[in-house]
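> A predicted structure for the sequence below; I have some questions about it.
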Amino acid sequence: MKQEETCQVHGGQSRTANRMLLVMIAASLTLIIWHVWAYGPTGHQAKVAPVESSFPVLVGGEIWDLLFNKKGIVAELWEVFPYFVVGILLAGYLRTYKIAVKLQATLRKYGVASVFLASFVGIITPLCACGTLTTAISLIFAGLPLAPVMALMVTSPLLSPSTYLLTLNDLGPEWTVIRTVAAYSMGIFAGLITHYLSRHGFETKNLFIDGAITRGDFHDEDYPDERFKCNCRRNFGNRVAVRTDNKFLIFLAKSSEMLWMVGKYIIVGVAIGAVVERYMPGDWIYRFFGQRDPLNILWVTLGSVPMFLHQVSASSILSHIKGSLSGTLDGGAALAFMVGGPVTAVPTMIMFWTIFKKRVFVLYLFVCLAGTIIISYAFQAFVFVPGVDTGNELLRGVSRLSGGKSAVVTKQDNNVRMVMDPGGKGLIATFRNELDGQGGVVFDAGYERFWAGAADMHDNRRYVANVARWLQDSGNAQANTGILIYDASSGTNEILSRNTIAELTQAGFKVKIVRKTESPKITAAFLADYGQLWLLFGGESSLTDAEIKTVTQFNGDGKGMLVIAGAAAPVSGSLTGVNRLSSRYGVSFSGVNDNNGELSVGMSSRLFANASEVLGRFLKIVHKA
């Protein structure tokens, strides 16, 4: 075959995708400029820029702050970097040994069962929708039925090794499992629907528009279809492969060429997420991702069609959306965003429209939209629990918690994440600011849950143990397993049960309970031997200014803290004391909320729990690396 300078189809796809990325960047810059013009600079820049500064200086300072502040784009990219590297190395391995290509060659053997195999191939293929499209064309020419090809085309834009690891970092193990199951289910749905329609009159021959297929679009001399082999040398990995048989060098080359291929979507995704969190009106985000509206899944699915949302960017954007919400994330709408956006990316739709006949385009769009809606509603019904932060580490393995009366937790800082807000009333929240070296803080408004009489009810013990583990992992004092539980109230209720303390001891923690009547003052020396401080505020209990300063310094040194308030019947002004401390972290306690006797936390099967635990261990390994 004559060597070609440029592959027409792939080159066009790449240019289309790059143009869409530029459009998204331009839209983000426009939003920043408009916000500075209308409201002035935000963040640190607002505090330091003089009022008389020119408008370009203000915009430049705003962009600089967005990029380089302690929670800016550069800091988040650095956090994502380990997962990105592992992902492209895994993708490079798959491409070097052509594992996906070999699996595709076996799809012809299994009839309708090939739909299930094709869906699996799709979620491990390190290709976007556009790259998969050329693969699908060759498979159809090779005689493969449309059903498994449709399954492959639907799953490939939803998941890849890089996306898998980035989701693990952005949203946690349980969301990674959910995304994987949803992607695989989408492929099966698309394949089976296509198989059914082909058996009932849908024309599966003459699928392409005349003259729309261009030769030489796969960039691979070893591709198992003569019509789609290509020696254009467009890819660096192919140029290395023709000069050496050393698999390690080919592996390095194929991995390196994915740095930009995947990296550009990560950069844009993180940037857009940061812009959304800082500038997008909170009411808009809450309307579609926070408000418990059954139609949100439908609106998000339809709204994602004109967007150019790459699979790599979706989890990062959702992580920022999650941070900007005052409550918990609507799981169904979030899943519809992660599934519906990538699978209907604009470049893919353009390619479909220009290559396939319109009946195939309509079929693809139908299975994408219908599958997204059905799967999202199914997860909403059977997995997600309203008012619960799905996959939160505090709730791992927890099905139910005791309810009763509590105070209401309100979030006032983007470092705060709401863990539970049943009925829209905050109950449990966390604070985490690793960039400033602070330890994690948990805020729980269910004071009664920590009484000895309630500690053994439902899954309260497991929740308490999860709190201890999370505080240990999120601080800088992992070696110090001492927990000081300080009851600042004047109550006589026994704190925790013997079984709860035994479970904490079994998990490796050393627990000591002290009442204010026994040690009326908290000092640095008093806290020196402990890695965690659990404070219980009941009635009108409070800390002195000196104690608050000591406790804040304790947390600033990277040690964890649990703040518990909200007695069964708080009197007027009784939460002032706890708020003097919690307000420093962007959290306030107020009012009284009467929850049910028990609160549903998790509806996911044990399979989800086990899988998320395995991924959680992997997450810790990558963090340590």
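Right, received. Where do you want to start?
> per-domain residue ranges of the protein.
8-52+62-382, 393-602 (automatic domain parsing).
> Residue 563 falls within a strand, correct?
Yes - according to DSSP: H, G, I helix; E, B strand; the rest coil, residue 563 belongs to a strand.
> all numbers from here: first residue = 24
Will do, 24 is the new start, and the previous item becomes residue 586.
> If I follow the layout properly, it ends up in contact with residue 468?
No - contact criterion C-beta atoms under 8 Å: residue 586 and residue 468 do not qualify, at 9.5 Å. Where you see a C-beta, it was placed from the backbone N, CA and C, and this is true even at glycine.
> who has more neighbours, the two?
Counted by other C-beta atoms under 10 Å, residue 586 and residue 468 do not tie: residue 468 has more neighbours, with 30 against 24.
> And the pLDDT for the more buried one?
We have a pLDDT of 94 for residue 468.
> Check the gap between it and residue 391 for me.
Distance, residue 468 to residue 391, by C-beta to C-beta, to the nearest Å: 42 Å.
> Residue 300 too?
From residue 300 to residue 391 the distance is 28 Å (C-beta to C-beta).
> Which of these two has more residues huddled nearby?
Applying other C-beta under 10 Å to residue 300 and residue 391 shows that residue 391 carries more neighbours, namely 27 against 20.
> what about that one, which helix or strand?
Element membership for residue 391 (DSSP states H and E) is helix 381-405.
> In terms of secondary structure, what does that helix contact?
Judged by 3 or more C-beta pairs under 8 Å, 6 or more residues apart in numbering; DSSP states H and E, helix 381-405 is in contact with helix 169-178, helix 196-222, helix 319-326, helix 354-366, helix 369-378.
> need those in a markdown table with mean pLDDT and mean neighbour count, can you?
Output for the helices and strands packed on helix 381-405, formatted as a markdown table (pLDDT from 0 to 100; neighbours: other C-beta atoms under 10 Å):
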| stretch | mean pLDDT | mean neighbour count |
| --- | --- | --- |
| helix 169-178 | 90 | 28 |
| helix 196-222 | 93 | 22 |
| helix 319-326 | 92 | 20 |
| helix 354-366 | 92 | 28 |
| helix 369-378 | 71 | 19 |
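> Any idea which of those helices gets closest to residue 554?
Relative to residue 554, the nearest member of those by C-beta to C-beta is helix 196-222, separated by 24.3 Å.
> export the helices and strands packed on helix 381-405 to TSV and tack on distance to residue 477?
Formatted as TSV, the helices and strands packed on helix 381-405 follow (distance: least, C-beta to C-beta, whole Å):
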stretch	distance to residue 477
helix 169-178	46
helix 196-222	26
helix 319-326	35
helix 354-366	28
helix 369-378	53
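> All the helices of the stretch 374-523 of the chain, in order from the start?
Taking DSSP state H, counting those that start in this stretch to define them, one finds helices in the stretch 374-523 of the chain at 381-405, 475-478, 483-496, 521-529.
> hey, which of those helices is tucked in deepest?
helix 483-496 (a mean of 21; mean count of other C-beta atoms under 10 Å).
> Show me what that helix is packed up against.
Using 3+ C-beta pairs under 8 Å, 6+ apart: helix 483-496 touches strand 423-425, strand 464-467, helix 475-478, helix 521-529, strand 555-559, strand 583-587.
> and the angle for it with helix 521-529?
Relative orientation of helix 483-496 versus helix 521-529 (axes from the mean of the first three to the mean of the last three C-alpha atoms, to 10 degrees): 30 degrees.
> what sits against residue 387?
Residues in contact with residue 387 (C-beta atoms under 8 Å, 6 or more residues apart in numbering) are 173, 176, 177, 213, 375, 379.
> To what extent is the last one buried, counted in neighbours?
Residue neighbour count, defined by other C-beta under 10 Å, stands at 21 for residue 379.
> who touches it in this structure?
Counted by C-beta under 8 Å, 6+ apart, residue 379 has contacts 230, 231, 232, 235, 387.
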